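Visitor: any chance you can model this:
(chains A and B)
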Amino acid sequence: MVRARLASILIGYGALALGACLLAPLAGSTHISLARALDRSIPFPDNVDAQIFFVARMPRVLTAAIVGSTLAAAGVVMQALLGNPLATPFTLGVSTGAALGAVLAITFGSRLPIGALASVPLASLAGAVVASAIVYVLATRPGRPISTMVLLLAGVTLNAFFSALILFVQYAADFTQAYRTIRWLMGDLDVGSFAPIVAALPLVLVALGIFACLPRSLNLLSVGADSAATRGVDVGLTQRLAFFSASLATAAAVSLAGPIGFVGIVVPHLIRLMVGVDHRIVLPASALFGAAFLIGCDLIARTALAPVEVPVGVVTAMLGGPFFLWLLVRRS
Amino acid sequence: MAARQAKLISGAFVLLLLCGANLLGSPEQSRGPRKPAPQATAASRIVSLVPNVTEMLFAVGAGPQVVGVSSYDDFPPETKALPRVGALLDPDTERILSLRPDLVVVYGSQTELEGQFTRAGIRVYPYRHGGIDSILQAIGDLARLTGHPADGDRVIREVRSQLDAITMRVRGQRRPRTMMVIGRDAGALRGVYVSAGIGFLHELLDIAGGEDVFGDIKREGVQPSNETMIVRAPEAILELHSGDPPPADVLQKERMVWNLLASVPAVRTGRVHLLYGGYLVAAGPRIGRAAEAFARVLHPSSFK
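Guide: Below is the predicted model of the structure:
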């Protein structure tokens, strides 16, 4: 029963995500001919359409797909882990840790002998790992389930603390660095080549692999930790896996494209409205819809005010903010 | 050197931010400096919170009257020995007052600070960034305020004649469609920020014989996507860096970054020029030198 429903929903959302991936590179601020873009007889440097297709649009659309799906799925997992519908992939401080890493790299990276960590993506990844590790150490006791209350409090506190550190570092930065920081915080999918995607992909795949093992346990966990335990769920292990995978997914997504907000909260709720609350369906459907959603938002970002771009984080917030408020009003 | 290399965003970019005419700014925001009220006596103790205005003060001979500068001042070298009093975000009012200035130069957006000093009976010159005319007007204003009107006129004449000479040199030359990059993440084609159709850099490019590919966008700067850069297809790319040139291998690597946009004429014909030097982006008396640097790479045959 569930399997049949899952299959039909996966096919539906899969088709949507695939359609978005295939169609989005065809649209943009300029018109290109796909036939010409794929024409191998024209040398690449002479083929402007191919340049636009393969250098400007494809990496962008792929990045949007990866980031959208990981953030949406991480949002689902975080909401189940914390038992809180307001949780996002950024609730536990992963993105603020990443942002602190990025801000440090932007401000001091060139002056400190920290090698590759001077690059913004690596520094943000390192920041995300440090933030997750701090929250994890604070909230866990060996052999015991994680206290979601402590996890949430630790995450929120760390978010506030790191935000203060970011402000302080920005204050010490010069204006160019402060501007770059602000721009980074708005999110940017224009990665310019496939290399950053390839670098982030292993982390994303590990996280998605763990996500795939979680839905049944998350279903039981969302009823309550005690009830889940009596039905054979290893609550501690599930929580740890959920925390680890969601943090990893978020870290990879944020280091690739900056902290793009609202995807991780709007998409899971929208999907729940459409398919119910069963994580076996919500999780893959969110991942697929998240990809299509962010590809759509990026399409708006790169065409709405062309040739000037709207930062994609602004688009997701503009669409996601009102939607979320509507959701709140509707529920109450 | 690595530090210089990583610091790819230029001082011009800074100034775009300062005048608030960046991404969402409107043309009206980049107006010239407000005219100060005429003053009877020349200022003898000046604090400048704006580095390019400090440079103007020294150029008109008011350097010895400057008693305090911003945290970011480094030109002329004499400024390094002067007390630092903060900048746009962190002006140290107490320190400024303790220097007993009779003229303080602030950014036009520092309205609260302006009010504070005015209430304290100290003259304030609120500087706002704009085009070449507003730079020259500021030089003239400051020269008068500091008692060096003749020097001010001389500097203005010199700058104008430098710019006119460059216009003459490149006259009749074909004007390459040029993209002037004022910011880019080190080692990657991300976070590219370019000068657009307003401001002194746009005007200098025009004087240097380049057709600004983003000239139709009436802002000081825009952040174009890779797609937009491919479509606009500049024939020359000038990338401005306010620091010193990096080692040759780093320079080569940074230039290679552009190879990603293989169809862009500037890349295909090797006309990607990375220029280094604080003067390139300083809205002050050295704009003639900057225009010449641009013209030399855009029209090398005119300088043989």
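Visitor: and the nearest residue to A:R57 once chain neighbours are set aside, how far from A:L152?
Guide: Excluding the flanking residues, the one nearest A:R57 by Cβ to Cβ, 6 or more residues apart in numbering or on different chains is A:P25, at 4.1 Å. Using the backbone N, CA and C atoms, a C-beta is placed for each residue, glycine as well. Distance, A:P25 to A:L152, by Cβ to Cβ, to the nearest Å: 40 Å.
Visitor: who has more neighbours out of the two?
Guide: The neighbour comparison of A:P25 against A:L152 (other Cβ atoms under 10 Å in any protein chain shown) goes to A:P25, with 23 against 20.
Visitor: interface residues of chain A facing chain B?
Guide: Proximity of chain A to chain B (Cβ under 8 Å from any Cβ of the partner chain) is limited to residues A:28-30, A:44-48, A:50-52, A:55-57, A:60, A:109-111, A:118-120, A:171, A:174-180, A:183, A:188, A:190-193, A:302, A:306-309.
Visitor: mind checking which of these are in strands?
Guide: Of the residues of chain A next to chain B, none are assigned to strands by DSSP state E.
Visitor: only whichever of the residues you listed are buried, select them in ChimeraX.
Guide: Buried subset of those, written as a ChimeraX selection, criterion 16 or more other Cβ atoms under 10 Å in any protein chain shown:
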select /A:28,29,30,47,48,50,51,52,55,56,57,60,109,110,118,119,120,174,175,176,177,178,179,180,183,188,190,191,192,193,302,306,307,308,309
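Visitor: gap between the longest helix along chain B and the chain center?
Guide: Longest helix in chain B by number of residues (criterion: DSSP state H): helix B:149-170. The chain centre lies 17 Å from the centre of helix B:149-170; the measure is Cα atoms, centre = their mean, to the nearest Å.
Visitor: now it: average pLDDT?
Guide: Averaging pLDDT along helix B:149-170 gives 96.
Visitor: swap in stretch A:12-32?
Guide: Mean predicted confidence for stretch A:12-32 is 92.
Visitor: where does the stretch 201-332 of chain A dip in pLDDT?
Guide: Scanning the stretch 201-332 of chain A for pLDDT under 70 picks out A:332.
Visitor: mind listing what the residue of it found nearest chain B touches?
Guide: Nearest to chain B in the stretch 201-332 of chain A, going by Cβ to the nearest Cβ, is A:P307, at a distance of 4.6 Å. The contact partners of A:P307, taken as Cβ atoms under 8 Å, 6 or more residues apart in numbering or on different chains, are A:S29, B:F214, B:I217, B:V222, B:P224, B:T228, B:V231, B:R232.
Visitor: which SSE is the second one in?
Guide: Element membership for B:F214 (DSSP states H and E) is empty, with no helix or strand holding it.
Visitor: got the contact list for the residue lying closest to it once chain neighbours are set aside?
Guide: Spatially, and ignoring its direct neighbours in sequence, B:F214 is nearest to B:A196 (4.2 Å; Cβ to Cβ, 6+ apart). Contacts for B:A196 (Cβ under 8 Å, 6+ apart) come out as B:H202, B:D212, B:F214, B:G215, B:I217, B:K218, B:R219, B:E220, B:G221, B:V222.
Visitor: I'd say the last one and B:V213 touch.
Guide: No. Contact between B:V222 and B:V213 fails when scored by Cβ atoms under 8 Å: they sit 10.8 Å apart.
Visitor: and the nearest residue to A:S222 once chain neighbours are set aside, how many neighbours does it have?
Guide: Spatial nearest neighbour of A:S222, chain neighbours left out: A:A80 (5.2 Å); criterion: Cβ to Cβ, 6+ apart. For A:A80, the tally of surrounding residues (other Cβ under 10 Å) stands at 27.
Visitor: SS state for A:A80?
Guide: With DSSP: H, G, I helix; E, B strand; the rest coil as the basis, A:A80 sits in helix.
Visitor: and it, what's its pLDDT?
Guide: Per-residue confidence (pLDDT) for A:A80: 91.
Visitor: is it true that it touches A:L220?
Guide: No. Counting by Cβ under 8 Å, A:A80 stays clear of A:L220, with 10.0 Å between them.
Visitor: contacting residues for residue 53?
Guide: In the absence of a named chain, this looks at chain A. A:F53 is in contact with A:P25, A:I32, A:L34, A:A37, A:L38, counting by Cβ under 8 Å, 6+ apart.
Visitor: not quite, I wanted chain B
Guide: So B:V53 contacts B:V105, B:Y125, B:Y127, B:A138, B:L142, B:G284 (Cβ under 8 Å, 6+ apart).
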